[in-house]
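Peer 1: return atomic coordinates for the entry below.
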Amino acid sequence: MSHVVIIAGSPSKRSRLTGLIDYSVSQLSEAGITVEVIHVADLPADDLVQARFDSTFIRDALAVVEAADAVIVATPVYKAAYSGVLKLFLDLIPQEGLRGKVSLPLVIGGSIAHLLAIDYALKPVLTTLGGRHILGGVYAVDQGIERLDGDKYILSAEITTRLNRSLEELRLTLENGGITIA
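Peer 2: Numbering: from 1, shown residues only. Sure, this is the predicted structure:
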């Protein structure tokens, strides 16, 4: 059984990014894939900022990444780049920490203007961490995700279609031993 970790790089769990994450967890779980979510904002801020590799919280989170077959990196876009909270965590992943893992970027922003943040900001960092199987990713505009009472979210049909396509590509890639099937 494949194991996927989602690194949630939003400073808030009430972000519309949570809608993308929750949907991804649901779809992957239905496909028989084990999914864990690391909410980086839940890790102790001092441990992140001071890069405390000896912190139990940091060691446990990094062990989850190490054990995963695939990593979904989910982040909002701020100033044409991924979040600072995510940056702090990515800096703690060992230099080859993503080697042999499939990666899927999920990014949400206020407008389509930041679409290229996946290619010009996030993918280079994933590559630096040893990622070689980086899927295309999904960029969503936050107006396409409606937040309901009870921390539930509704994704637009267009976002759902693109996310389903990317999650299916991830599933097929995992089934085929990391070989991307188009």
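
Peer 1: how close does D42 sit to L90?
Peer 2: When distance is defined by Cβ to Cβ, to the nearest Å, D42 is 16 Å away from L90. Any C-beta I mention is one placed from the backbone N, CA and C, and that applies to glycine too.

Peer 1: between the two, who's got more neighbours?
Peer 2: When neighbours are counted by other Cβ atoms under 10 Å, L90 comes out ahead of the other of D42 and L90, with 22 against 11.

Peer 1: is it true that that one touches V125?
Peer 2: Yes - the pair L90 / V125 is scored as a contact, 5.7 Å apart, by Cβ atoms under 8 Å.

Peer 1: residues touching the residue nearest in space to the middle of the chain, list them.
Peer 2: Ranked by distance to the mean C-alpha position of the chain (Cα atoms, centre = their mean), the top residue is V73 at 1.9 Å. With contacts defined as Cβ atoms under 8 Å, 6 or more residues apart in numbering, the neighbours of V73 are I7, G9, Y82, L86, L90, S103, L104, P105, L106, L122, L126.

Peer 1: in CSV: those, plus secondary structure and distance to Y139.
Peer 2: Written out in CSV, the entries for the contacts of V73 read as follows (DSSP: H, G, I helix; E, B strand; the rest coil; distance: Cβ to Cβ, whole Å):
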residue, secondary structure, distance to Y139
I7, strand, 17
G9, coil, 14
Y82, strand, 12
L86, helix, 15
L90, helix, 18
S103, strand, 15
L104, strand, 12
P105, strand, 8
L106, strand, 8
L122, helix, 10
L126, helix, 15
